[in-house]
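# only the shape, not the letters, is given here:
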């Protein structure tokens, strides 16, 4: 999957999914990939709540998502959350120096 993450300034996260016909295929496969991504988001709600900020999340499904088990997409999304958390911990004042 590809993830786009942007701070939103709200008190909650927002979530969007794209699964194009060109990238995924027929409607059955697109719907399955969207269900897998929604479930990954739902199961990681605790990790999302532990982030300091709230974000808009847009996940782009890829065909390879359908070839792996649900646990793999879950682990991939956890890794994306960890990258966002790591980015939150960076001190912006040190970057300017």
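Structure's in. What do you need? Here the structure is a predicted model, which means the values were calculated and not measured.
# please count neighbours and contacts with C-alpha atoms only from this point.
Fine.
# from the contact counts, what lies against the longest helix seen in the chain?
Once the chain is assigned using DSSP state H, the helix that runs over the most residues is helix 70-89. In terms of contact count using 3 or more C-alpha pairs under 8 Å, 6 or more residues apart in numbering; DSSP states H and E, helix 70-89 is assigned the packing partners helix 27-43, helix 45-49.
# what residues of that helix count as buried?
Residues of helix 70-89 classed as buried under the neighbour-count rule (16 or more other C-alpha atoms under 10 Å) are 73-74, 77-78, 81, 84-85.
# show me the shaky parts of the chain.
Residue ranges of the chain with pLDDT under 70: 91-97.
# so which of the helices and strands packed on helix 70-89 is nearest residue 69?
helix 27-43 (9.4 Å; C-alpha to C-alpha).
# starting at the chain centroid, how far to the closest one?
Distance of helix 27-43 from its chain centroid, counting by C-alpha atoms, centre = their mean, to the nearest Å, is 12 Å.
# how far off helix 70-89 does that helix point, in degrees?
On the basis of axes from the mean of the first three to the mean of the last three C-alpha atoms, to 10 degrees, helix 27-43 is oriented at 50 degrees to helix 70-89.
# residue 77 against residue 40, yeah?
Yes. The pair residue 77 / residue 40 is scored as a contact, 6.7 Å apart, by C-alpha atoms under 8 Å.
# can you pull the contacts of residue 12?
For residue 12, the contact set (C-alpha atoms under 8 Å, 6 or more residues apart in numbering) comprises 54-55.
# which residue packs closest to residue 70, ignoring adjacent ones?
Leaving aside its chain neighbours, residue 70 sits nearest to residue 36 (6.6 Å; criterion: C-alpha to C-alpha, 6 or more residues apart in numbering).
# ok, residue 43 - how many residues close by?
By other C-alpha atoms under 10 Å, 14 other residues sit near residue 43.
# and what of residue 28?
For residue 28, the count of nearby residues is 10 (other C-alpha under 10 Å).
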